[in-house]
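In: what follows is a protein structure lacking sequence information:
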Ligand code: ATR
């Protein structure tokens, strides 16, 4: 690709950011779609987040991604925020608007699109969610939004799981009453509380006459701690038909191995990472990315992971 005077710049801000996969996603998408774009990484110190957002706008950057630890810190510096990102309290994508940037969250739509790709349905399913941090909270909202029949949040600290359960259940009640405009849940289920909080070891009290989708939403097991999983007990994994890990490095986590060893299937977080990028790219360029191109870029990410 020729870099010239018309080339538009995009990038991700984070701290640290040097191991990001996002340049692999976006530079390959730009090459395949014929857009004159270049995407790079910007290491931004925590105290400089506001200056970085203002500077990016002044330099006419087409858009930005935002990663850890800046996803919430960036919010006060935005001109507008998409309602989903506001509800989640985390922004990972900035799109230019009149006088500044509008913030979006493409992580959860990315997880949803990855699950669709992998043939993992949410609607009507009983889902176990492991973890109760910021990511798990967003996943719980996404699952409730998409009609999960029941969400069991299992966390080391019960209190944090209870806080998310309370918040998501009350959000579901509000959306049934139509007060915040979300109508994705069926009105017939009015008053129903889809989320239950439990301690990690309480999995043994889950009904054992059925199998669950289990989503792991903590950083346990992430490189370099690849031999760790939040639950090691194989009795837990006997309950799991499909394991979904949001961790993408390593490609196969201990959680995924344990799911498979107990007879289930499992998927890692690399496709979620791909689709959050694709949705951001679609917002920046107005182009829609085909499944075929998504699969091609996924292969490039796998190549890049080999040298990670
Ligand atoms: P994030 O915002 O990225 O989700 P976080 O808010 O720090 O991160 O949340 C981390 C999650 O990982 C929490 O659910 C945490 O459990 P606690 O709420 O009990 O702290 C979970 N976690 C971290 N280390 C863990 C471990 N060794 N075993 C079990 N859970 C762990």
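Out: Arrived safely, thanks for sending. Everything numeric in this text was worked out from a predicted model, so none of it was measured.
In: distance of residue 3 relative to the ligand?
Out: Distance of residue 3 to the ligand, given as Cβ to the nearest ligand atom, to the nearest Å: 35 Å. All C-beta atoms are positioned from the backbone trio N, CA, C, and that covers glycine.
In: quick one, what contacts that residue?
Out: Residue 3 is in contact with residue 38, counting by Cβ atoms under 8 Å, 6 or more residues apart in numbering.
In: use 603 as the first number for this chain going forward.
Out: In the new count, where the first residue is 603, that last one comes out as residue 605.
In: you'd agree it is in a helix?
Out: No. Using DSSP: H, G, I helix; E, B strand; the rest coil, the assignment for residue 605 is coil, not a helix.
In: ok, for the residue positioned nearest the centre of the chain, nearest residue in space, not its chain neighbours?
Out: Using Cα atoms, centre = their mean, the residue of the chain that lies closest to the mean C-alpha position is residue 709, 3.2 Å off. Of all residues not flanking residue 709 in the chain, residue 878 sits nearest, at 4.9 Å (Cβ to Cβ, 6 or more residues apart in numbering).
In: likewise for residue 817?
Out: Of all residues not flanking residue 817 in the chain, residue 846 sits nearest, at 4.7 Å (Cβ to Cβ, 6+ apart).
In: what stretches of the protein score poorly on pLDDT?
Out: Along the chain, the parts satisfying pLDDT under 70 run over 778-792.
In: how close does whichever residue of it sits closest to the ligand get to residue 741?
Out: Proximity of the chain to the ligand (Cβ to the nearest ligand atom) peaks at residue 735, 2.1 Å away. Separation of residue 735 from residue 741 (Cβ to Cβ, to the nearest Å) stands at 10 Å.
In: doesn't residue 822 make contact with the residue of the chain closest to the ligand?
Out: No. In this structure residue 735 lies outside contact range of residue 822 using Cβ atoms under 8 Å: 10.6 Å.
In: higher neighbour count, those two?
Out: Each of residue 735 and residue 822 has its neighbours counted (other Cβ atoms under 10 Å); residue 822 has more, 18 against 14.
In: OK, contacts around the closest residue to residue 701 other than its chain neighbours?
Out: Spatial nearest neighbour of residue 701, chain neighbours left out: residue 681 (5.4 Å); criterion: Cβ to Cβ, 6+ apart. If you count contacts by Cβ under 8 Å, 6+ apart, residue 681 has them with 699, 700, 701, 702, 703, 704.
In: what of residue 834?
Out: Contacts for residue 834 (Cβ under 8 Å, 6+ apart) come out as residue 860.
In: is it true that it lies in a helix?
Out: No. Counting by three-state DSSP, one finds residue 834 to be coil, located in no helix.
In: what residues does this protein have near the ligand?
Out: For the chain, the residues in contact with the ligand (Cβ under 6 Å from any ligand atom) are 733-738, 757-759, 762, 820-822, 832.
In: format the residues you listed as JSON lines; extra columns: secondary structure.
Out: Listed next are the residues of the chain next to the ligand as JSON lines, based on three-state DSSP:
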{"residue": "733", "secondary structure": "coil"}
{"residue": "734", "secondary structure": "coil"}
{"residue": "735", "secondary structure": "coil"}
{"residue": "736", "secondary structure": "helix"}
{"residue": "737", "secondary structure": "helix"}
{"residue": "738", "secondary structure": "helix"}
{"residue": "757", "secondary structure": "strand"}
{"residue": "758", "secondary structure": "coil"}
{"residue": "759", "secondary structure": "coil"}
{"residue": "762", "secondary structure": "helix"}
{"residue": "820", "secondary structure": "coil"}
{"residue": "821", "secondary structure": "coil"}
{"residue": "822", "secondary structure": "coil"}
{"residue": "832", "secondary structure": "coil"}
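In: tell me which residues of stretch 807-817 are tucked away?
Out: Neighbour counts over stretch 807-817 (16 or more other Cβ atoms under 10 Å) mark 808, 814, 815, 816, 817 as buried.
In: from those, which land in helices?
Out: Among the buried residues of stretch 807-817, none falls in helices (DSSP state H).
In: any idea what residue 644 is bridged to?
Out: Taking DSSP bridges, one obtains residue 615 as the residues bridged to residue 644.
In: residues near it, how many?
Out: Neighbour count of residue 644, defined by other Cβ under 10 Å: 19.
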